[in-house]
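Sequence and predicted model, in that order:
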Amino acid sequence: MNIDWAAIGSVFGVSLVVTVGMVALFTLGIKGLSARERAVAQGNSAAVAVTAAYLCFAACAVAVAYGIHLIVAKP
């Protein structure tokens with residue numbers, strides 16, 4: 001049995017980068033919604049914050065859907 005350590009390292013590296021990116025993207029979405037709450041409390045408009053938050057959440061959903069597609073797709 002021969003283990004391809006380079007391939008294992010590559011999979012680990014890509015999964016680590018994607019995981020950190022997804023967490024950062026989701027955190028930015030939460031931060032945008034939090035900014036909306038502060039703006040509403042102060043009586044200001046928060047259209048940019050809400051739009052950015054929804055875009056972050058949409059990007060997370062696309063990444064999850066793509067991951068599911070990769071798992072389910074037949075070679």
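Yep, that arrived. Residues are numbered from 1 along each chain as shown.

what's downstream of the longest helix anywhere in the chain, the next helix or strand?
Secondary structure assigned by DSSP state H gives helix 5-42 as the longest helix of the chain. Under the assignment DSSP states H and E, the closest C-terminal helix or strand after helix 5-42 is helix 47-72.

what sits up against stretch 44-57?
The contact list for stretch 44-57 (Cβ atoms under 8 Å, 6 or more residues apart in numbering) reads 25-26, 28-33, 35-36, 38-40. Using the backbone N, CA and C atoms, a C-beta is placed for each residue, glycine as well.

so how far is stretch 22-33 from its chain's centroid?
Here the centre of stretch 22-33 is set off from its chain's centre by 8 Å, with Cα atoms, centre = their mean, to the nearest Å.

a markdown table for the contacts of stretch 44-57, including distance to Trp5 and neighbour count?
A markdown table is the format used below for the contacts of stretch 44-57 (distance: Cβ to Cβ, whole Å; neighbours: other Cβ atoms under 10 Å):
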| residue | distance to Trp5 | neighbour count |
| --- | --- | --- |
| Leu25 | 30 | 16 |
| Phe26 | 32 | 14 |
| Leu28 | 35 | 17 |
| Gly29 | 36 | 19 |
| Ile30 | 37 | 12 |
| Lys31 | 38 | 14 |
| Gly32 | 41 | 20 |
| Leu33 | 42 | 17 |
| Ala35 | 45 | 17 |
| Arg36 | 47 | 20 |
| Arg38 | 49 | 11 |
| Ala39 | 51 | 16 |
| Val40 | 53 | 12 |
